[in-house]
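S.K.: Any chance you could fold what I've pasted below:
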Amino acid sequence: MLGGIFTKAGFSNFNSQRANVTVWATTSPEEYYEAATETAGPIVQMLSTMAPEKKKAVREEMIQTLRGMFPSGPVSLGGEAIVGTGTKTTA
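M.R.: Got it, this is the predicted structure:
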């Protein structure tokens, strides 16, 4: 798919590489929750429509889930980045 986008844009010699990346890294589930609820647009928007009791329940559930995923403390959520390169000659 990415190669097709490069080709349609006039690039040749397409190459791609995958890299594991850290998306979020915090010292605790509580710190992750605070950071996510202040900076992650969709989460901020979703919480803004909730009653205080529901927000509290979401916070508790998220922290409990993260504790289960990261029992030793620090939270590190990762992802994969795909980097594409190509050559495009100028006219």
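
S.K.: In the top strand by length along the chain, which of the residues would be classed as buried?
M.R.: Secondary structure assigned by DSSP state E gives strand 12-26 as the longest strand of the chain. Neighbour-count burial for strand 12-26, counted by 16 or more other C-beta atoms under 10 Å, picks out residue 26. For the C-beta atoms, the positions are set from N, CA and C on the backbone; glycine is no exception.

S.K.: cool, stretch 64-73 as well?
M.R.: 66, 70.

S.K.: Could you list every helix and strand that the longest strand of the chain packs against?
M.R.: On a contact count with 3 or more C-beta pairs under 8 Å, 6 or more residues apart in numbering; DSSP states H and E, strand 12-26 meets helix 2-8, helix 29-39, strand 75-87.

S.K.: where in this protein is pLDDT low?
M.R.: 91 (pLDDT under 70).

S.K.: tell me, what residue is most central in it?
M.R.: residue 23 (4.9 Å; C-alpha atoms, centre = their mean).

S.K.: if I look at that residue, how far off is residue 47?
M.R.: 19 Å (C-beta to C-beta, to the nearest Å).

S.K.: same deal with residue 90?
M.R.: Remark: distance between residue 90 and residue 47 (C-beta to C-beta) = 48 Å.

S.K.: How about residue 80?
M.R.: According to C-beta to C-beta, residue 80 and residue 47 sit 27 Å apart.

S.K.: These two: who's more crowded?
M.R.: Between residue 80 and residue 47, counted using other C-beta atoms under 10 Å, residue 47 has the larger neighbour count: 15 against 9.

S.K.: helix, strand or coil for that one?
M.R.: Following DSSP: H, G, I helix; E, B strand; the rest coil, residue 47 is assigned to helix.

S.K.: Thanks a lot, catch you later.
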